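>>> need a structure here:
(one chain, ligands or ions: 2)
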Amino acid sequence: MSFTFTTMTLNLVLLMAMVATNILSLYHLSSTLQSPKSPKPPPPVPDQLLHQLHTIRATINHLTRLQNINNPTKKSTIPSDLLLYSHLSPIASSCHNHPELLHKYMTYTPFSLCPSDSDLAESLILRGCHPLPRRRCFSKTPQKQIPPNSLPKNPFPSSLPNNAVIWDHYQCKSFDCLNKQNPNLGFQPSRDISRFNSYKTDLDLPIQQLFQIAAAAKSVLRLGLDVGGGTGSFAAAMRLRNVTVVTTTMNVAAPNSEAVALRGLVPLHMPLQQRLPLFDGVLDLVRCGRAVNRWIPLTVMEFLLLDVDRVLRGGGYLWVDHFFSKGVDLEKVYAPLIGKLGYKKVKWATGNKTDAGGVKNGEVYLTALLQKPVSR
Ligand SMILES: *[C@@H]1O[C@H](CO)[C@@H](O)[C@H](O)[C@H]1NC(C)=O
Ligand SMILES: *[C@@H]1O[C@H](CO)[C@@H](O)[C@H](O)[C@H]1NC(C)=O
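Ligands and ions are numbered 1, 2, ... in the order given. Presented below is the predicted three-dimensional model:
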């Protein structure tokens with residue numbers, strides 16, 4: 001597959017997605033206005049809506065003209081994979097691709113308690129419908145107040161308070177249960193205390209070493225982001241070193257966000273395909289853990305990497321931690337993709353993924369520490 005596309009084309013796709021979103025919201029607004037519930041004739045469409053509609057039409061005309069100027073012969077030069085991405089775009093345009101979910105989600109009474117449907121919200125977000133459109137109800141809180149003394153003081157407590165979570169939608173009804181199901185997910189945080197300090201294979205990068213590398217390069221690590229960071233153990237380990245790390249995490253099948261927050265860390269509830277809610281060039285470090293792997297559509301992966309590049313400062317580090325893919329894809333697809341960032345390879349280690357799935361699919365791991373050029 002080719003990654004080549006022009007910035008122009010990309011801009012066009014994103015603009016179109018934005019226009020589509022606007023049309024969608026206009027549609028929503030106007031269909032609300034013409035709701036058949038009221039026997040009265042619908043009120044006139046406000047002027048500013050008409051004005052917006054006019055602007056959108058003008059934009060579409062302009063874009064269509066632009067496209068025709070660019071490709072007088074071909075029908076469209078937008079690569080199909082980019083069009084696919086536009087469905088996964090972070091501008092909420094993908095909400096309309098799942099009308100049944102959206103309809104269910106948007107059925108609620110304003111100014112009352114929201115329906116208890118965090119699983120539905122999770123499904124919509126994972127399908128690219130984010131930010132979620134529901135704005136006018138109160139989200140449910142857990143029944144009991146958490147006694148302040150049951151909140152852990154350090155980010156690696158031996159247990160987390162159960163009554164801080166609404167368990168309705170989970171099979172497990174306690175952190176203990178989650179921990180029994182899979183002790184590696186960090187629901188008993190104390191188990192993770194040495195996770196980022198150990199060196200068992202070349203695929204590991206102990207935090208101590210990370211700091212040495214940064215110090216040797218006269219680079220400061222103060223602020224970071226952990227992409228797909230589960231229960232926040234990396235942020236916790238960095239907290240002990242006085243580094244602030246925020247963690248993006250989803251609540252798929254487990255209350256990851258609550259677990260991160262109970263450790264006194266910041267969870268960002270966002271899927272991998274969403275633009276990072278951070279300004280350009282503000283972070284010293286971004287870590288991509290195992291959530292970033294070959295299961296992500298390639299286009300999304302490419303956007304993710306470019307967005308990570310956007311938020312990293314010059315000289316900042318990207319740590320790809322145990323990324324896995326098929327061996328041949330690493331060589332032919334992912335390594336070239338990472339190479340396009342133009343980062344300095346401080347560390348680049350690969351190794352066979354030796355669990356059952358890894359052996360069956362010929363998968364390999366990559367752990368890389370990459371430094372963004374100081375200036376561009
Ligand atoms: C973190 O900050 C605290 C309070 O300022 C200080 O006592 C501690 O030594 C610092 N830890 C590290 C690893 O720098
Ligand atoms: C990794 O796996 C490949 C085949 O899948 C094998 O040829 C190679 O020897 C393995 N490497 C190591 C270091 O085990």
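>>> what lines up beside the strand or helix carrying Thr367 in the sheet?
According to DSSP states H and E, Thr367 maps onto strand 363-371. Strand 363-371 has the following strand partners under DSSP bridges: strand 312-326 (antiparallel), strand 344-352 (antiparallel).
>>> low-confidence ranges, the stretch 51-200 of the chain, go.
51-93 (pLDDT under 70).
>>> ranges for the helices of it?
80-87, 99-105, 118-126, 175-181 (DSSP state H, counting those that start in this stretch).
>>> mind listing what's buried in the longest one?
For helix 118-126, burial by neighbour count (16 or more other C-beta atoms under 10 Å) applies to 118, 120-125. C-beta: built from backbone N, CA, C; applies to glycine.
>>> repeat that for stretch 147-160.
Neighbour-count burial for stretch 147-160 [16+ other C-beta under 10 Å]: 152, 155-157, 159-160.
>>> go through these and name the one nearest Asp204.
Phe156 (18.7 Å; C-beta to C-beta).
>>> ok, the closest one touching Arg239?
No - look at Phe156 against Arg239 with C-beta atoms under 8 Å: they stay out of range, at 9.3 Å.
>>> dump the helices of the stretch 51-200 of the chain to CSV, plus distance to Arg191.
Below are those laid out as CSV (distance: least, C-beta to C-beta, whole Å):
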stretch, distance to Arg191
helix 80-87, 38
helix 99-105, 36
helix 118-126, 25
helix 175-181, 8
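>>> quick one: contacts for the nearest residue to Gln371 once chain neighbours are set aside?
Sequence neighbours aside, Lys344 is the residue nearest to Gln371 in space, at 4.4 Å (criterion: C-beta to C-beta, 6 or more residues apart in numbering). Shown in contact with Lys344 (C-beta atoms under 8 Å, 6 or more residues apart in numbering): 370-371, 373.
>>> quick revisit: right, and the helices of the stretch 51-200 of the chain - which one's nearest Thr299?
So among the helices of the stretch 51-200 of the chain, helix 80-87 is nearest, using C-beta to C-beta, at 4.2 Å.
>>> what does stretch 136-150 contact?
108-116, 161, 163-166.
>>> and if we set it to 7 Å?
Residues from elsewhere that reach stretch 136-150, judged by C-beta atoms under 7 Å, 6 or more residues apart in numbering: 108, 110-114, 116, 161, 163-166.
>>> top of those residues by number of neighbours, please.
In terms of neighbour count, Val165 stands highest of the contacts of stretch 136-150 at 22 neighbours, by other C-beta atoms under 10 Å.
>>> phi, psi for that residue please.
phi -120, psi 140 (degrees, to the nearest 10).
>>> quick check: it touching Pro255?
Yes - taking contacts as C-beta atoms under 7 Å, Val165 lies within contact range of Pro255: 4.7 Å.
>>> and of the helices of the stretch 51-200 of the chain, who's closest to Thr247?
Of the helices of the stretch 51-200 of the chain, nearest to Thr247 by C-beta to C-beta is helix 118-126, at 15.9 Å.
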